[in-house]
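[1] please work out how this folds:
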Amino acid sequence: MTPISKKIRSIPDFPKKGILFRDITPLLQDATSFKEAIELLADHYQDGKVDLVVSAEARGFILGAGVAYRLGVGFVPVRKPGKLPYKVERATYKLEYGEDSLEIHKDGVKKDDRVLVFDDLLATGGTARAICQLVEELGGQVMGVCF
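    You can find the predicted model right below:
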């Protein structure tokens, strides 16, 4: 079996010079590696102490939803501004190449929901920090952050 890390390709200077982009599409294309990745990510949280997985678009949706499914818990999407149809809470954060904002439905996380924040990768931590801020503003408890 090919290690999962071998299924992630590095693309230099994308989306701009100086950024090393980690492309997970080869991992997603390989059913065995995809399944193994979801299982490995979810195994750390099988203790039943999580009610929801909250994850940002776009690649985070793919893996985060898989982790939620594996754990048997709900999934809450966090999206770029203007993409969610209901009342939202917004957080702005810094990227390694700029600034962006994320939104979550105001009813996506309820008071005392135990939340696993999932992001597809860790760069500066800005996206994950923004998601944690949104979860806490809605009354949820961040039980872990998974990449």
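
[2] confirm residue 130 sits in a helix?
    Yes. Under DSSP: H, G, I helix; E, B strand; the rest coil, residue 130 sits within a helix.

[3] and the closest residue to residue 145 other than its chain neighbours, how far is that from residue 36?
    Excluding the flanking residues, the one nearest residue 145 by C-beta to C-beta, 6 or more residues apart in numbering is residue 117, at 4.6 Å. Every C-beta, even on glycine, is put in place using the N, C-alpha and C of the backbone. Separation of residue 117 from residue 36 (C-beta to C-beta, to the nearest Å) stands at 22 Å.

[4] against residue 87, how distant is the residue nearest to residue 145?
    21 Å.

[5] between the two, which one's more packed in?
    For residue 117 versus residue 87, neighbours defined as other C-beta atoms under 10 Å are more numerous around residue 117 (27 against 9).

[6] residues contacting the more buried one?
    Residues counted as contacts of residue 117 (C-beta atoms under 8 Å, 6 or more residues apart in numbering) are 53, 54, 55, 128, 131, 132, 135, 142, 144, 145, 146.

[7] hmm, the last one is touching residue 70, no?
    No. Applying C-beta atoms under 8 Å as the test, residue 146 and residue 70 come out as separate, 11.8 Å apart.

[8] tell me where the chain has strands.
    9-12, 20-23, 52-56, 74-78, 88-95, 98-105, 114-118, 141-146 (DSSP state E).

[9] partners of the first one, with directions?
    Think strand 9-12. Strand pairing for strand 9-12, determined by DSSP bridges: strand 20-23 (antiparallel).

[10] what mean pLDDT does the strand it pairs with have?
    For strand 20-23, mean pLDDT rounds to 90.

[11] just the CA coordinates of it, formatted as CSV?
    C-alpha atoms of strand 20-23 as CSV (Å, rounded to 0.1, in the frame of the first residue of the first chain):
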residue,chain,number,x,y,z
LEU,A,20,3.7,25.6,-2.0
PHE,A,21,0.2,24.2,-2.7
ARG,A,22,-0.7,20.7,-1.4
ASP,A,23,-2.9,19.0,-4.0
